[in-house]
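Visitor: My questions are about this predicted structure, shown below with the sequence.
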Amino acid sequence: MYTAAQQKQLHEQAKHLLSTHDTSAQAIPLLREVINYADWKYYIQSESVLSDAEYDGLYKQLRLAEDQHPHLITPSSPTPRVAHGLSERFPAVSHLVPMLSLDNTYNADDLTDWDRKCRELAQTDTITYCVEPKYDGASISIVYDADQLTRGATRGDGVMGEDITINTRQIKSIPLAAPLSTYGISQLEVRGEVVIHKQFFEDYNKQRIADGLAPLANPRNAASGTLRILDPSEIRKRGLNAILYSISHYTLAPGAPRPQALSTHYDSLQWLYQLGFPAPAQQMKVFTHIDQVIQYCADFEAQRDSLPYEVDGLVIKVNDYALQDKMGMTSHHPRWAVAYKFKARQATSILRRVDFQVGRVGAVTPVAKIDPVHIGGVTVSSVSLFNEDVIREKDLRIGDTVIVERAGDVIPYIVRSLPDLRTGTELPIVFPTDCPACSSALEKVQDEAAWRCININCPVQVVERIIHFASKDAMDIRSMGNANVQKFHDMGLLPDIPGMYHIPWQQVKGMEGFGEKSIANLIQAIEQSKTQPLHRLIYGLGIRHVGETTAKTLASAVAHITDFYDWDTEKLTTLPDIGPKVATAVVDFFARPQNRQMIEKLDAAGVNLINDHRSQPTTDGALAGKTFLFTGTLSQFKRSDAEQLVEARGGTLLSGVSSKLHYLIVGTDAGSKLEKAKKLGTVNILTEQEFVVLTGMISNE
Ligand code: IVH
């Protein structure tokens, strides 16, 4: 889509625009071009060519320019992606051609049968099959007229769908315009699946749980729910992506010849990809024999978890369009395509009991205890029910037979109960009215599904707050995990967060499991935490709605934590990505005398409250825009030092191998991560020495 020279030029132009802050009419086309280029790079090629701040800067610049020159606004400008106002509901629209479903196969025999039928129908023995992932999300149909995106629709009943154009425009991987007319195409309809990145889904849910909201059940539900939400700006926050897996219809301009690529499915999707559409170009394989397809299906299923998106099978399609036409379709599915479904990651169990757990911010979460079942390689016996509404909506009862699903690394959840199996002895689940930990009356917070214990001294909340403060992503006090915090708190040795720095070690000495060495280690870890960068402290304080990213934003905005005592919501909302909800929570937190006292005590204990250079995200280091992961034992560095080095030089650390990963640095005894990266084929695999060269610390001459 862009040549290397064009990319270099666009990158330089982006930097130039940023330095000049140009918002003139002349700058508008260029601003659009560089933003579209950055979107394409990020969403199609999984690479960041601009830092978040730079991207936001260009975006604001374009908005400003368009505000000043409104007559230059066009429907394909990247800014109208952010739609104004909310729609009441989505009108129904009819699809240009019906959106059919797929027939399913489950094993090699099914596939062999299907291949035989295909050859009979096509009246040939030489069929080429194209195999691609079956993405588990929500189907979407997108129409382009005269090179512009004109409509996005859900599948609906296959004939009529909902018009979700406004939300489709929020999915940045979907181009708003494409040069289709240069290929003689006046109208194009493409179909695909809207998906949520698994990592994004997990992070999003972590944040929801931290906010006391129910996490979304799985990436599939999250994608389909998000497509229909009425607030388009919320959609952007949920990291939706689209993968377009077919051209369902096109109209040629009068007299235009059919483009050569539109003869086979494979070539069509490669062509779409070249035009900048998010087609699964690299995930498609072509085979001429069903046995090869069967082998590929088995291999692929074994590594399904290594993909960044949830995949529930593979789709096998006859590659040649002329053969597809010959084979036709039933009213339900095409005869030229079939899904090969992976083994279900569901199991049934019995719901025996429900426990109610109090979290760090007081939300009471019901947790179902079920008969242990083996799903997707782990035994599940405890499943969160999230909140009271979920129990009501699913009509769950004690004694019910329930279907439990666990997809990939996603937390297990109860899909539904099986009411037909009820015997009449099932009992309703009664939600407590008082806190199970401190007996204060629970309160329902407006607009939230959770019941909350609002007693700030509730012992469970206090312990959870200390655990969070010491946790790896916060102050990272090793060995101060759940068990030790609970034990010290129960013994009265660790009453609150500042108490961490005044544990009477004389009393700990001699306690079972606490030898001199382990106490020395604990003391050292606590001591070290005093010098943690400010953003870790801010995250560790457990301010509602403040996750790690927000904590970094906050830390980089002040010189000292107490500067926030003077900040109001208006000032806070000028910071990137801080909305009124977070701002209010921050203001409330710093206004409370108890919290100010806590900060004073931390100060007196010598904890760092100052924003030093480490809090500032680096965007211009040697590793800026690149992602890293370490595996195996390193010989020149401690793992944590190497990781710090990456961050100090502007790189980002990832927790697993995915298509987003640029570099895997391999020490000795590397295991599955290396295998995964090799299979993926897109990751640069470096030795420790090569990494050192890359960081710019030494040259490799
Ligand atoms: S082809 C007429 N290809 O699976 C052809 N479908 O019941 C129909 N899906 O919800 C679909 N990945 O949205 C096709 N690579 C892929 C797919 C795919 C996911 C979904 C599709 C539909 C369901 C099929």
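Guide: Looks like it came in fine.
Visitor: Tell me how far the helix or strand hosting Leu244 lies from the chain's centre.
Guide: Assigned by DSSP states H and E, Leu244 belongs to strand 240-252. Its chain's average C-alpha position is 23 Å from that of strand 240-252, according to CA atoms, centre = their mean, to the nearest Å.
Visitor: is that strand up against the ligand anywhere?
Guide: Yes: Strand 240-252 comes into contact with the ligand (CB under 6 Å from any ligand atom), by way of Tyr245, Ser246. C-betas here are computed from N, CA, C, even on glycine.
Visitor: Now the element after that strand, going C-ward?
Guide: Strand 240-252 is succeeded, C-terminally, by helix 265-274 (DSSP H and E).
Visitor: just checking, what packs against that next one?
Guide: If contacts are counted by 3 or more CB pairs under 8 Å, 6 or more residues apart in numbering; DSSP states H and E, helix 265-274 sits against strand 240-252, helix 321-327.
Visitor: quick one, which of the ones you listed is packed in tightest?
Guide: Here the criterion is mean neighbour count by mean count of other CB atoms under 10 Å, and of the helices and strands packed on helix 265-274 the winner is strand 240-252, at a mean of 20.
Visitor: Return stretch 562-575 as PDB; C-alpha atoms alone will do.
Guide: Extracted C-alpha coordinates of stretch 562-575, given in PDB (Å, rounded to 0.1, in the frame of the first residue of the first chain):
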ATOM      1  CA  THR A 562       0.800  16.900  46.900                       C
ATOM      2  CA  ASP A 563       0.500  19.100  43.900                       C
ATOM      3  CA  PHE A 564      -2.800  17.300  43.400                       C
ATOM      4  CA  TYR A 565      -4.200  18.900  46.500                       C
ATOM      5  CA  ASP A 566      -4.700  22.000  44.400                       C
ATOM      6  CA  TRP A 567      -6.000  20.400  41.200                       C
ATOM      7  CA  ASP A 568      -9.700  20.500  40.400                       C
ATOM      8  CA  THR A 569     -11.600  18.300  37.900                       C
ATOM      9  CA  GLU A 570     -11.300  20.900  35.200                       C
ATOM     10  CA  LYS A 571      -7.500  20.900  35.300                       C
ATOM     11  CA  LEU A 572      -7.400  17.100  35.500                       C
ATOM     12  CA  THR A 573      -9.500  16.700  32.400                       C
ATOM     13  CA  THR A 574      -7.000  18.600  30.400                       C
ATOM     14  CA  LEU A 575      -4.700  15.600  30.800                       C
END
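Visitor: Pull out the buried positions in that stretch.
Guide: By neighbour count on 16 or more other CB atoms under 10 Å, the buried set for stretch 562-575 is Phe564, Trp567, Thr569, Leu572, Leu575.
Visitor: Which members of those residues occur in strands, if any?
Guide: Among the buried residues of stretch 562-575, no member falls in strands (criterion: DSSP state E).
Visitor: Low-confidence ranges, the stretch 201-350 of the chain, go.
Guide: 209-215, 217, 230-234, 236-237 (pLDDT under 70).
Visitor: Would you tell me which residues of it are close to the ligand?
Guide: Counting by CB under 6 Å from any ligand atom, the stretch 201-350 of the chain sits next to the ligand at Tyr245, Ser246, Val315, Pro334, Ala337.
Visitor: could you dump these to CSV with distance to Asp103?
Guide: Formatted as CSV, those follow (distance: CB to CB, whole Å):
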residue, distance to Asp103
Tyr245, 16
Ser246, 16
Val315, 11
Pro334, 8
Ala337, 8
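Visitor: May I ask which two of those residues are separated the most?
Guide: Spatially, the most separated pair among those is Tyr245 and Pro334, at 12.6 Å (CB to CB).
Visitor: circling back: out of the helices and strands packed on helix 265-274, the one nearest Arg345 is which?
Guide: Closest among the helices and strands packed on helix 265-274, using CB to CB: strand 240-252, at 20.8 Å.
Visitor: Next, the residue in the stretch 601-701 of the chain that the ligand sits nearest to: secondary structure please.
Guide: Of all residues in the stretch 601-701 of the chain, Ser659 sits closest to the ligand, at 16.6 Å by CB to the nearest ligand atom. Of the three states, Ser659 takes coil according to DSSP: H, G, I helix; E, B strand; the rest coil.
Visitor: quick one, what contacts the most centrally placed residue in the chain?
Guide: With distances taken as CA atoms, centre = their mean, Phe200 lies nearest the centre of the chain, 1.1 Å away. Residues near Phe200 by CB atoms under 8 Å, 6 or more residues apart in numbering: Arg238, Gly239.
Visitor: mind checking the backbone torsions on it?
Guide: With angles defined as degrees, to the nearest 10, Phe200 sits at phi -60, psi -40.
Visitor: try Val131
Guide: Taking degrees, to the nearest 10, you get phi -120, psi 130 for the backbone angles of Val131.
Visitor: residue contacts, it?
Guide: Taking CB under 8 Å, 6+ apart as the test, what Val131 contacts is Met284, Lys285, Val286, Phe287, Val293, Tyr296, Cys297, Leu314, Val315, Ile316, Lys317.
Visitor: avg pLDDT for stretch 61-74?
Guide: What stretch 61-74 shows for mean pLDDT is 85.
Visitor: go on, stretch 546-556?
Guide: Stretch 546-556 carries an average pLDDT of 88.
Visitor: Dump it to PDB, restricted to CA.
Guide: Output of stretch 546-556 as PDB, limited to C-alpha atoms (Å, rounded to 0.1, in the frame of the first residue of the first chain):
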ATOM      1  CA  VAL A 546      -6.900   4.900  38.200                       C
ATOM      2  CA  GLY A 547      -5.200   2.000  36.500                       C
ATOM      3  CA  GLU A 548      -1.500   1.800  35.600                       C
ATOM      4  CA  THR A 549      -1.800   4.000  32.400                       C
ATOM      5  CA  THR A 550      -3.700   6.700  34.200                       C
ATOM      6  CA  ALA A 551      -1.300   6.600  37.000                       C
ATOM      7  CA  LYS A 552       1.500   7.300  34.600                       C
ATOM      8  CA  THR A 553      -0.400  10.200  33.000                       C
ATOM      9  CA  LEU A 554      -1.000  11.700  36.500                       C
ATOM     10  CA  ALA A 555       2.600  11.200  37.700                       C
ATOM     11  CA  SER A 556       4.000  12.900  34.700                       C
END
